[in-house]
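Colleague: okay, here's the prediction I keep looking at, along with the sequence it came from:
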Amino acid sequence: MALNHIITCFNSFDKDQDGGINLEEFRLICQGLFRNDRGIFYTVAPEKLKIMLGIFDKNLTGALEFEEFMFCWYNWFKYIIHPRSVCIVVNMQNDYLNGVMALAATGFAEAAAAAAAANPGQGETEEVVKQDQKPVNIIDTINQIIGCDFEHIYYVMDHHPSNHISFIDNLSLRPLHPASKVSEEDAKLYDTVVFALPAPYTQKLWPKHCVENSWGSELDMDLRISSKGTRIYTGTNPELDQHSAFRDSTMPVDGSFHQELSGRNITDVYVVGASLDMCVRATCLDSLSLGYRTVMVEDCCKVMNPLAVEKAKQDVINKNGVIAQSADVKNMTEGKDRRPEMGYVLAIRLRDYFKNRETKTEPA
C-alpha cells in the first residue's frame, strides 16, 4: 500500500511523464511541502532548489528517477512532515534570572542606553534599548512551549567550580599573557584579558555565578520540569569557559551531547533561555554545524547585551537557522508549519552523511 502511494505521488508530480522529476517539478513539490498551518507557501530560493535537487540526483541526470524519489520520501519528506524535535533550555538558573548575571544584563542595557543617549537620532540603537526595556517573563513563555510535541527537554545548566577561569575574583590565580591589553591591576568586570595558559587564552571577566551546589546554580523554582527532561551541566572545567551546550568542559563539538541526540534520531533543535546573544547563539550555531534543523525561539530568550542581539540572530539566519516566536512552536513541532530553511539543512545533512560513508568516516 505504501509503495503504491509513493508511485501515485511520483506520477502525479512527473507532469511530463518522462520518468523523472525535473527542477520545475521539484519546485512544485517544494511549494506544497514548505508552507505554514494556514496553507501559505514559503518561497524557496532558486539556488537552494538546485542544490537540493542535486543532492538527491545521485545519477546526475538532472532529474529524480523513481529510486531517488523514494530516497527523498523516506529520508527527507518524512522528517519534514513528521520532525523529531527536542528543546534545549539554557541557563534558566537563579543567578541568570534574579542574581548576579541578571545584574550584569542590567549593566549592558544601561551601557546601551548611554550609547543611544550619546548618539541621538540613531534609530536602530534607540529601538534596541526600547525593546530591551519591555518587561518580559520568559519563564511563563518557556513553560508554555515545553508542553509542545518534543521528544525530550534538555535543561542546560552552568555548574562552575569556585575557581573558574571566567570569574573576576579569580583573576590573580592565573598569570596574564604579555599580549593582554588589560593588566591585573586595571581589570574590571566585563573586561577581556588574555591568560598565559599553555596557549594564550582570551577570556571575558564575569562576576562569580552559578557556582556548583549554590542557590545561584539552581533552576528557577517556577520553571516547568518535564517528565521527559534531562539536566546537562556545563562549565565544570575550571580552565575553560564554554558557551554552547554542545561544548561541555571535557568534550569537543562532536561529543556526547551530539551522540545523545543522534541516538534519539533527532532532526530539530529548539533553543531557549539565557542569553540570546551568548549561550543561546553559540548553542544554535553548533547545532547547525552538526546538521540539526535549528530554531532560536526569540521571545523565550533573555538578553545580556541588547546591542549584540541583531548580530546574534543574523549569525543564526546566515547558517540557515530559523528565528521563531513561541506562538510558532506548536505548529512547527507538529509538522504543520514547515520552513524551507529547515528542509535545506536536512538535505545538507543527508549529503554530508553519504560523503562520510563514502570516505568510511563516522556519520554526523
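Modeller: Arrived safely.
Colleague: you'd agree Glu68 is up against Gly54?
Modeller: No. In this structure, Glu68 is not within contact of Gly54 by Cβ atoms under 8 Å, at 11.1 Å. C-betas here are computed from N, CA, C, even on glycine.
Colleague: more crowded one of those two?
Modeller: Set Glu68 next to Gly54 and count neighbours by other Cβ atoms under 10 Å: Glu68 wins out with 19 against 14.
Colleague: so how far is Met157 from the residue nearest to the spatial centre of the chain?
Modeller: With distances taken as Cα atoms, centre = their mean, Cys284 lies nearest the centre of the chain, 1.9 Å away. Distance of Cys284 to Met157, computed by Cβ to Cβ, to the nearest Å: 18 Å.
Colleague: residue contacts, Arg264?
Modeller: By Cβ atoms under 8 Å, 6 or more residues apart in numbering, the residues touching Arg264 are 84, 86, 151-152.
Colleague: re the thing from before, isn't the residue nearest to the centre of the chain up against Thr294?
Modeller: Yes. Using Cβ under 8 Å, Cys284 makes contact with Thr294 at a distance of 5.2 Å.
Colleague: joint contacts of the two?
Modeller: Common neighbours of Cys284 and Thr294 (Cβ under 8 Å, 6+ apart) are 269, 271, 316, 321.
Colleague: if we can go back for a sec, out of the contacts of Arg264, which sit inside strands?
Modeller: Using DSSP state E, the members of the contacts of Arg264 that fall within strands are 86, 152.
Colleague: widest-spaced pair of the contacts of Arg264?
Modeller: Largest separation among those by Cβ to Cβ: Arg84 and His152, giving 9.5 Å.
Colleague: care to break this protein down by domain?
Modeller: As assigned by automatic domain parsing, the chain contains the domains 2-81, 86-158+208-334, 168-205.
Colleague: let me know the average pLDDT across the second one.
Modeller: Put plainly, it is domain 86-158+208-334. For domain 86-158+208-334, mean pLDDT is 87.
Colleague: return the distance of that domain from the chain's centre.
Modeller: 8 Å (Cα atoms, centre = their mean, to the nearest Å).
Colleague: now do stretch 336-356
Modeller: With Cα atoms, centre = their mean, you get 15 Å for stretch 336-356.
Colleague: how about stretch 33-53?
Modeller: Using Cα atoms, centre = their mean, the offset of stretch 33-53 from its chain centre is 21 Å.
Colleague: okay, how far is it across it, tip to tip?
Modeller: 14 Å (Cα to Cα, to the nearest Å).
Colleague: quick one: Asn143 from Ala324, how far?
Modeller: 17 Å.
Colleague: these two: who's more crowded?
Modeller: For Asn143 versus Ala324, the count of surrounding residues by other Cβ under 10 Å is larger for Ala324: 20 against 16.
Colleague: the more buried one pairs with what?
Modeller: When bridges are called by DSSP bridges, Ala324 pairs up with Val297.
Colleague: output stretch 279-287 as CSV, nothing but the C-alphas.
Modeller: Taking C-alpha atoms only, stretch 279-287 is exported to CSV below (Å, rounded to 0.1, in the frame of the first residue of the first chain):
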residue,chain,number,x,y,z
CYS,A,279,24.9,30.9,25.1
VAL,A,280,21.7,30.5,23.1
ARG,A,281,23.5,31.9,20.0
ALA,A,282,26.5,29.6,20.5
THR,A,283,24.3,26.5,21.0
CYS,A,284,22.3,27.3,17.9
LEU,A,285,25.4,27.7,15.8
ASP,A,286,26.9,24.4,17.0
SER,A,287,23.6,22.7,16.4
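Colleague: quick one, what contacts the residue nearest to Ile21 when sequence neighbours are not counted?
Modeller: Spatially, and ignoring its direct neighbours in sequence, Ile21 is nearest to Leu64 (4.0 Å; Cβ to Cβ, 6 or more residues apart in numbering). Leu64 makes contacts with 20-21, 26, 53, 56-57, 72, as judged by Cβ under 8 Å, 6+ apart.
Colleague: can you select the buried ones among the residues you listed for me in ChimeraX?
Modeller: Listed next is the ChimeraX selection for buried residues among those, using 16 or more other Cβ atoms under 10 Å:
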select :20,21,26,53,56,57,72
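Colleague: I'd like the contacts of Leu64 laid out as CSV, including pLDDT, secondary structure and distance to Asp328.
Modeller: CSV is the format used below for the contacts of Leu64 (pLDDT from 0 to 100; DSSP: H, G, I helix; E, B strand; the rest coil; distance: Cβ to Cβ, whole Å):
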residue, pLDDT, secondary structure, distance to Asp328
Gly20, 96, coil, 35
Ile21, 97, strand, 30
Phe26, 97, helix, 26
Leu53, 97, helix, 28
Phe56, 96, helix, 28
Asp57, 96, coil, 32
Cys72, 95, helix, 25
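Colleague: nearest to Ala196, of the contacts of Leu64?
Modeller: Out of the contacts of Leu64, the member with the shortest distance to Ala196 (by Cβ to Cβ) is Phe56, at 51.4 Å.
Colleague: isn't the closest one up against Ala347?
Modeller: Yes. Between Phe56 and Ala347 a contact is recorded at 7.5 Å, counting by Cβ under 8 Å.
Colleague: between these two, what contacts are shared?
Modeller: In contact with both Phe56 and Ala347: Trp76, using Cβ under 8 Å, 6+ apart.
Colleague: all strands for the stretch 201-350 of the chain, in order.
Modeller: Here the stretch 201-350 of the chain has its strands, by DSSP state E, counting those that start in this stretch, at 229-234, 268-274, 293-302, 322-324.
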